[in-house]
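1. compute the structure for the input listed below.
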Amino acid sequence: MADTDGGLGMDTPPREARMWAMWCHLGALSGFIGIPFGNILVPAVIWLTKRDSHPFIDENGRESLNFQVTMLIYFVIAAILCLVFVGFLLLPVLFLGGIIFSIVAAIRASDGVPYRYPFTIRLFS
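-> Here you go, the predicted structure:
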């Protein structure tokens, strides 16, 4: 009999669901490599096209999109705060945090474990 869950147990989502959930988080990194609004567009496209396939994809896609929209809001605020020099300290922190949290979320998704980003405004539910 084929192992459909990667040997991770009965409660673990299927391998394909874990893969798409992982790409919801990793796709957000496309914004950091120069694709305009790729950090929002890639997770949104994956989520909208695959959310009906499995609840795990829906949950992770929504979580990734919420985080990326929240980060965009934080980046805009930090850019405005550059006028008073505080933003110059916040921008690198946001940049690194966005990368680190996205990678952690992708690893958790590939393991079939739900992940909630910290400091996230839940816009999509």
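2. quick one: residues contacting W23.
-> Contacts were defined as Cβ atoms under 8 Å, 6 or more residues apart in numbering; by that measure W23 touches 46, 106. Glycine gets a C-beta too; all of them are placed from N, C-alpha and C.
3. now it: how far from F67?
-> Distance, W23 to F67, by Cβ to Cβ, to the nearest Å: 15 Å.
4. likewise for L29?
-> For L29, the distance to F67 - Cβ to Cβ - is 12 Å.
5. could you do W20 as well?
-> Distance from W20 to F67, by Cβ to Cβ: 17 Å.
6. what helices or strands is the longest helix belonging to the chain leaning on?
-> Longest helix of the chain, by residue count under DSSP state H: helix 55-81. Secondary-structure packing of helix 55-81 (3 or more Cβ pairs under 8 Å, 6 or more residues apart in numbering; DSSP states H and E): helix 15-26, helix 38-50, helix 87-110.
7. tell me which residues in it are buried?
-> Going by neighbour count (16 or more other Cβ atoms under 10 Å), the buried part of helix 55-81 is 56-72, 74-75, 78.
8. with stretch 99-119 instead?
-> 101-102, 105-106, 108-110, 112, 115, 117.
9. quote the end-to-end distance of it.
-> 14 Å (Cα to Cα, to the nearest Å).
10. what does stretch 82-90 give?
-> Span of stretch 82-90 from end to end, Cα to Cα: 9 Å.
11. what of stretch 44-61?
-> First-to-last residue span, stretch 44-61, Cα to Cα: 7 Å.
12. average model confidence for it?
-> Confidence for stretch 44-61, expressed as mean pLDDT, is 96.
13. ditto for stretch 13-32
-> On average, stretch 13-32 scores 94.
14. from start to finish, how long is that stretch in a straight line?
-> 29 Å.
15. check which residues of it are buried.
-> Those would be 13, 17-18, 20-31, for stretch 13-32 by 16+ other Cβ under 10 Å.
16. stretch 86-96 now?
-> Buried residues in stretch 86-96 (16+ other Cβ under 10 Å): 87, 90-91, 94.
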